[in-house]
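In: Requesting a structural model of the entry that follows:
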Amino acid sequence: MPTRPTWRTSSGPCSASPRAATAARCTGPRRRSPTSRVGPVTTDHALTALTERVRRFADERDWQQFHTPKNLAMALAGEVGELLAELQWLTPQESAAVMADPGSAARVRAEIGDVMIYLTRLADVLGIDLVAAATDKLADSARRYPVDRSRGSAAKAPRVE
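Out: Predicted coordinates:
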């Protein structure tokens, strides 16, 4: 069973409850990991709106004929490769600081945008709810990698004991 989101701690309608936050049209839960740097997690509404914009973009250009799952998956892999090329020869420290350089930051951001567009389009064509798929996968990973046996270990699940 999914856990309920933790809502902002500031006062006002966004912090009262999920229902109050929804009624007030708040941006949604604010979750932070030790590595997060900015703002709230993207809401389901924003992902739905993006999916619709990407679909419209393809429809306006009559590209549905080319947007087969195979073609989209290949294009997605190509864009992931372009993102990887931005980080490939950097040291771990340099890759962690890549967003500090405006030129590198712009290229990484653009490649992540391309990855997101192709992933969104592929999921749309296949009828996959991205949020549900990611939520299910995260729950599966939590079962396969329990914290008490996985913390600090890069071992694959079959080797975790």
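In: Report the distance from the longest helix anywhere in the chain to the chain centre.
Out: As assigned by DSSP state H, the longest helix anywhere in the chain is helix 102-126. The chain centroid and the centroid of helix 102-126 are separated by 10 Å under Cα atoms, centre = their mean, to the nearest Å.
In: Isn't residue 51 up against residue 125?
Out: No: using Cβ atoms under 8 Å, residue 51 makes no contact with residue 125, being 10.4 Å away. (Glycine included, C-beta is placed from N, CA and C.)
In: And residue 111, how close does it get to residue 122?
Out: Applying Cβ to Cβ, to the nearest Å, the value for residue 111 to residue 122 is 16 Å.
In: Please name the nearest non-neighbouring residue to the most centrally placed residue in the chain.
Out: In the chain, the C-alpha nearest the mean C-alpha coordinate belongs to residue 116, at 7.6 Å (Cα atoms, centre = their mean). The shortest distance from residue 116 to any non-neighbouring residue, by Cβ to Cβ, 6 or more residues apart in numbering, is to residue 50 (7.6 Å).
In: picking that back up, helices or strands next to the longest helix of the chain in the packing?
Out: helix 44-60, helix 69-87, helix 130-144 (3 or more Cβ pairs under 8 Å, 6 or more residues apart in numbering; DSSP states H and E).
In: Residue 113 versus the residue nearest to residue 116, what's the distance?
Out: From residue 50 to residue 113 the distance is 10 Å (Cβ to Cβ).
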